[in-house]
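S.K.: build me a model from this:
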Amino acid sequence: MVERLRSFSSNVLTHQKVFALFVLLAALPVLAQEAQEDSGDGGLQPCEPEEVPPPLPLAISAPSILFLIVMSGLFSGLTLGLMGLDVIALQIVQKGDDKVLARCAEQIAPVREKGNQLLCTLLLGNVAVNSALSILSADIFSGTVGFVVSTATIVIFGEIIPQAACSRYALQVGARTVPLVKVLMLVFFVLAKPISICLDWMLGQEMGTVHSRTELMEMLKLQISLGAVDAEEGAMAQQVAEGALSFRDKKVSEIMTPLEDAYMLSTETKLGYATIREVFETGFSRIPVYGTNKHDYRGLLYTKDLMLADPEDEMKLGDFIHIFNRKVETLFPENKLVSALNTFKKGGTHMALVRQAKVEVDTDPRFEVVGVITLEDIVEEILQEEIVDETDVYVDVDRGVRVKDGRENRIINLGVFNPIWQSKGDRLGSEEVRALSSHLHRTFFSQDNDLQLSYQAVEWLVSVAEVISLTRVSPVWMSHPDDPDWLYRRGQISDRCTLVLQGRVGVISGVDNFRSDVGSFSLLGRDALRIPDFEPDFGAFLSTPKVRVLSFTTQQFQAAKELDENQDNLQQAKALQESSKTAAASRRLAKHVSLHLGIDGTSDVVRVATNDHANRQRTYSDEKKSGLTTAREAYRMSL
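M.R.: Numbering: from 1, shown residues only. Next comes the predicted model:
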């Protein structure tokens, strides 16, 4: 505020000069008439001594001089203080955080808006008071002494001290003297109002100070350097302000992503597991779809729409996007970013294709896509910084700068969602083991139930469990399939718990034989882990042509609990299980674990569990080689 007061001091001096010139011009006719009267007789007249009025008593003149000095200082200080306050600056202070200064500015604003009338009032009062002060001083101190005393008194106590104080505390002093100023404006209204009208006509209405873009930035930098805000906040504010002021002049072509760097998909792309995973790993939320080439735009794919896509259907992307009929905006390279921002604000979409006219032949003009721009690109231009969200892979797509915050090393278990499991056969990939272990530990083997296992124990259990790919024999449309397609029969003893990996399983339950279908990550026969000779009260059968399941027995679960009680044995069992790729390795694992568990009876359980796993792996491999039975039949035989 001090800098603003100083910047307006020159304006105050200009008004003072104009006012003094106006008074001088008004006094010229009177001086000319007096001079003509003095020289009207054409000769010299003898001077007669004029009668000089007696001076005022010191008891009256001394207090009067003190009062005039105070009034001179008040007029002088208010002239600089109030006139130095800019109208726009007062509006800013009124909306500021300092409640005291805001209240002061609110009181001063109505008076300050009458700029020229206020100036004329203060100057008339100042001139009148100074003149009276000179006269009274001359009565007390005659001659040179009176001149020196009156001049020194007016300069020091009527100009320097008041103006210095009011320049520092203009708002506080001005707010407290507003009632007095209003009275003075009423007293001098007859003289000040006509003069102010003339000044308004000559100089125009006061508009306040309007800064250019460069001046605004310099003012912001100055305020930050003076400590108006925290250094970090100030740097961010300066950065955003520069972006907000400069982005209006920028064009779409300056910040768009060129077509060759844009990620797009063809309408012929099949929405299988590979495509959906690729889309997921790119991190984009909106993907343009083209036809014959990238200039042939056909539609827009929202990544969230893929929640409704079934990878097993492998539906063509061109057919899929027609279901939602997403739209995209069209912009041109010469469009301003302000225009692009207004387009995105309408709520249609936050992505636009940048098209450019190609007129190779006058009779066949056409538009080609030259780039892509999003609302995020414009916001980044305003913030002057790249925005990285939780799904972004690149910080800057144009330059190929990848995000390096650790997410590039993060392992996401997506393999479990792959419906094409035929190539995997009877084994689990590392991604599937981790994903299934995490799911089972969180939902079925947590601390909230009696089947509690640690994550490491669950991971071991999943590793030794049997993975079977099953094929339905009966037609899919049959509500009650043939015997080979049943996983569980009501009332038939089973010692197995089954986790559905892919496909769907039909479940018949209740007295009314109510049917429901369960899919991936559904667990059937969990009570078999609690109850010996478990008899299910439901039936379960293959509902889709192909089903992949993970099956573990009661003995394997008990072995996992035994290992969970001794972490050293569990770690050794896991290490050996990871290295065992054949049935022989599984048998060595059983022998090793049994030796370390001693003679407390638990070794038999673990040995049976691991040997059971090895035997099943060997039997299943032999059956596959001989072609005598299918995986479905092997699973049914185990039931």
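
S.K.: am I right that Ser469 is in a strand?
M.R.: Yes: membership of Ser469 in a strand is supported by DSSP: H, G, I helix; E, B strand; the rest coil.

S.K.: can I assume it is in contact with Arg548?
M.R.: Yes: using CB atoms under 8 Å, Ser469 is in contact with Arg548, at 5.0 Å. Where C-beta positions appear, they are placed from N, C-alpha and C, glycine not excepted.

S.K.: how far away is Gln558 from Glu466?
M.R.: 16 Å (CB to CB, to the nearest Å).

S.K.: how about Phe521?
M.R.: Separation of Phe521 from Glu466 (CB to CB) stands at 17 Å.

S.K.: related to what we said a few turns ago, more crowded one of Gln558 and Glu466?
M.R.: Glu466 (21 against 16; other CB atoms under 10 Å).

S.K.: phi first, then psi, for the more buried one.
M.R.: Per-residue torsions, Glu466: phi -100, psi 130 (degrees, to the nearest 10).

S.K.: and it, how far is that from Cys497?
M.R.: Distance check for Glu466 against Cys497: by CB to CB, it reads 11 Å.

S.K.: what is in contact with those two at once?
M.R.: Ser551, Phe552 (CB atoms under 8 Å, 6 or more residues apart in numbering).

S.K.: I'd guessed Leu341 sits against Glu376; true?
M.R.: No: counting by CB under 8 Å, Leu341 sits too far from Glu376 to count as a contact (11.6 Å).

S.K.: please name the nearest non-neighbouring residue to the most centrally placed residue in the chain.
M.R.: Central residue of the chain (CA atoms, centre = their mean): Ile387, 8.1 Å from the mean position. Ranked by CB to CB, 6 or more residues apart in numbering and with sequence neighbours excluded, the top spatial neighbour of Ile387 is Glu380, at 5.4 Å.

S.K.: burial of that neighbour, as a residue count?
M.R.: Glu380 has 18 neighbouring residues, counting by other CB under 10 Å.

S.K.: in which helix or strand does it reside?
M.R.: Element membership of Glu380, judged by DSSP states H and E, is helix 375-383.

S.K.: Met71 too?
M.R.: Using DSSP H and E, Met71 maps to helix 58-83.

S.K.: how far does that helix sit from the chain's center?
M.R.: 58 Å (CA atoms, centre = their mean, to the nearest Å).

S.K.: which elements pack onto the helix or strand following that helix?
M.R.: Helices and strands here follow DSSP H and E; after helix 58-83, the next one along the chain is helix 87-94. In terms of contacts (3 or more CB pairs under 8 Å, 6 or more residues apart in numbering; DSSP states H and E), helix 87-94 is packed against helix 99-112.

S.K.: next, the buried residues of whichever helix or strand comes after the helix it packs on.
M.R.: Later in the chain than helix 99-112, the nearest helix or strand by DSSP H and E is helix 115-140. For helix 115-140, the neighbour count (16 or more other CB atoms under 10 Å) marks 115-126, 129-130, 132-134, 136-138, 140 as buried.

S.K.: do the same with stretch 481-491
M.R.: By 16+ other CB under 10 Å, the buried positions in stretch 481-491 come out as Pro481, Pro484, Asp485, Trp486, Leu487, Tyr488, Arg489.

S.K.: export those residues to a markdown table and tack on pLDDT?
M.R.: Listed next are these as a markdown table, based on pLDDT from 0 to 100:
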| residue | pLDDT |
| --- | --- |
| Pro481 | 86 |
| Pro484 | 86 |
| Asp485 | 89 |
| Trp486 | 91 |
| Leu487 | 91 |
| Tyr488 | 92 |
| Arg489 | 91 |
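
S.K.: how many degrees apart are the helix holding Met71 and helix 115-140 in direction?
M.R.: 160 degrees (axes from the mean of the first three to the mean of the last three CA atoms, to 10 degrees).

S.K.: quick check: mean pLDDT across helix 58-83?
M.R.: Average pLDDT, helix 58-83: 80.

S.K.: do stretch 508-519 as well
M.R.: Across stretch 508-519, the average pLDDT comes to 86.

S.K.: so what would you say the end-to-end distance of that stretch is?
M.R.: 14 Å (CA to CA, to the nearest Å).

S.K.: same check on stretch 483-493?
M.R.: 16 Å.

S.K.: equivalent analysis for stretch 539-547, please.
M.R.: Stretch 539-547 has its terminal residues 16 Å apart, counting by CA to CA.

S.K.: contacts made by that stretch with the rest, please.
M.R.: Taking CB under 8 Å, 6+ apart as the rule, stretch 539-547 contacts 422, 469-472, 476, 481, 485-490, 498, 500, 502-509, 517, 524, 632.

S.K.: how far off centre is that stretch?
M.R.: With CA atoms, centre = their mean as the basis, stretch 539-547 stands 47 Å off its chain's centre.

S.K.: with stretch 307-315 instead?
M.R.: With CA atoms, centre = their mean, you get 33 Å for stretch 307-315.

S.K.: ditto for stretch 456-474
M.R.: Its chain's C-alpha centre and that of stretch 456-474 lie 45 Å apart, by CA atoms, centre = their mean.

S.K.: can you start the count at 12 instead of 1 from here on
M.R.: Done: numbering now begins at 12, and the last item shifts to stretch 467-485.

S.K.: show me which residues of that stretch are buried.
M.R.: Within stretch 467-485, the residues scored as buried using 16+ other CB under 10 Å are 467-483, 485.

S.K.: stretch 188-200 too?
M.R.: Neighbour-count burial for stretch 188-200, counted by 16+ other CB under 10 Å, picks out Thr188, Val189, Val192, Leu195, Met196, Phe199.

S.K.: pull the number of nearby residues for Asn580.
M.R.: Asn580: 18 surrounding residues under other CB under 10 Å.

S.K.: gap between it and Glu573?
M.R.: Taken as CB to CB, the span from Asn580 to Glu573 is 8 Å.
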